[in-house]
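**Q** I'd like to go over a predicted model; first the sequence, then the structure.
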Amino acid sequence: MRPDLLTFDCYGTLIDWNRGIAGAVRAACPEAAGLSNEALLGSFYAIQDGLKTSEYRPYRQLLTEVTLELARRNGWTISQESARQVPASIPDWTPFDDTNEALARLASAGFRLGILSNIDDDLLSGTLRHFDVAFDLLVTAQSLRSYKPARAHFDRALEEVGGERDRLLHLAQSLFHDVRPATQLGLDVVWVNRASEPHPADVEPLVVTPDLSSAVDWVLGRSGAA
């Protein structure tokens, strides 16, 4: 059955999150220049994912806390105001090269498009100017007071299609925040594996693709719209 709503994680799938966060942390804290991107991002994600499991607070606050903790662990000097500039920079982060063309192809084929994001409303609003298509559904952590991998985002998307799982297809890069929890809920998922991560045995997406353009090729071919 052809889905009528395609949902996406935004940052990491549509927007180049790794480039954005690494650049923002280095701009806020020049001492981070001595740390490789791999080490910086690994530490950042470990801190962030731990904090997301605690009591909800806005993503601006959460990302400021993560930045301050990253600096503390590495012995860097950073002010609260400088740390706040990391989340403030999010609306300036840009899409991957294949994002807008891929979204335009789906919109032209008649699919409704949605975003399920661990972000604040105003930050997502600033990001939307980078996209050439309009989205039919926007779900943020702020609107739900919940962060993925908790199920609230996915439940909200299911509400949009009347609870009919066959009408929903989720496309995402993050195993932790999206692919694993969505598949555990019985949702159809396309894993946009931009980072070429190993495929764990306990995760069963419909298909794994290296980028969004390939994911759209698969969706259109499967739906007969190619």
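**A** On my side now, so go ahead. Note that the structure is a prediction, hence the values are computed from the model and not measured. Numbers count the residues shown, from 1 in each chain.
**Q** need the next SSE after the host helix or strand of Leu106, C-terminal direction.
**A** Under the criterion of DSSP states H and E, Leu106 resides in helix 99-108. Per DSSP H and E, the first helix or strand lying C-terminal to helix 99-108 is strand 112-117.
**Q** what comes up buried for the following helix or strand past that next one?
**A** Later in the chain than strand 112-117, the nearest helix or strand by DSSP H and E is helix 121-127. By 16 or more other Cβ atoms under 10 Å, the buried positions in helix 121-127 come out as 123-124, 126-127. C-betas here are computed from N, CA, C, even on glycine.
**Q** in terms of contact count, name the helices or strands touching the next helix or strand after helix 121-127.
**A** Later in the chain than helix 121-127, the nearest helix or strand by DSSP H and E is strand 137-140. Contacts defined by 3 or more Cβ pairs under 8 Å, 6 or more residues apart in numbering; DSSP states H and E place strand 137-140 against strand 5-8, strand 112-117, helix 121-127, helix 152-160.
**Q** Just the mean pLDDT for the first one, thanks.
**A** Going back to what we said before, that points to strand 5-8. Mean pLDDT, strand 5-8: 98.
**Q** Quick one: distance of the helix or strand following it to the chain centre.
**A** The C-terminal neighbour of strand 5-8 among helices and strands, as given by DSSP H and E, is helix 17-28. Computed by Cα atoms, centre = their mean, to the nearest Å, the separation of helix 17-28 from the middle of its chain amounts to 15 Å.
**Q** Going forward, the N-terminal residue is numbered 14.
**A** Done: numbering now begins at 14, and the last item shifts to helix 30-41.
**Q** Show me what the next helix-or-strand element following helix 30-41 is packed against.
**A** Going down the chain from helix 30-41, the next helix or strand is helix 50-65, by DSSP H and E. Packing partners of helix 50-65 (3+ Cβ pairs under 8 Å, 6+ apart): helix 30-41, helix 72-87.
**Q** export those helices to JSON lines and tack on distance to Arg158, mean pLDDT and mean neighbour count?
**A** Formatted as JSON lines, these follow (distance: least, Cβ to Cβ, whole Å; pLDDT from 0 to 100; neighbours: other Cβ atoms under 10 Å):
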{"stretch": "helix 30-41", "distance to Arg158": "22", "mean pLDDT": "96", "mean neighbour count": "19"}
{"stretch": "helix 72-87", "distance to Arg158": "11", "mean pLDDT": "94", "mean neighbour count": "20"}
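**Q** would you list those helices in JSON lines and tack on distance to Pro100?
**A** Listed next are the helices and strands packed on helix 50-65 as JSON lines, based on distance: least, Cβ to Cβ, whole Å:
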{"stretch": "helix 30-41", "distance to Pro100": "8"}
{"stretch": "helix 72-87", "distance to Pro100": "4"}
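**Q** Indicate which one of those is closest to Val229.
**A** helix 30-41 (19.5 Å; Cβ to Cβ).
**Q** and the angle from the worst-scoring helix or strand of the chain on mean pLDDT to helix 72-87?
**A** Ranking every helix and strand in the chain by mean pLDDT, DSSP states H and E puts helix 50-65 at the bottom, with a mean of 88. Taking axes from the mean of the first three to the mean of the last three Cα atoms, to 10 degrees, one finds helix 50-65 and helix 72-87 inclined to each other by 120 degrees.
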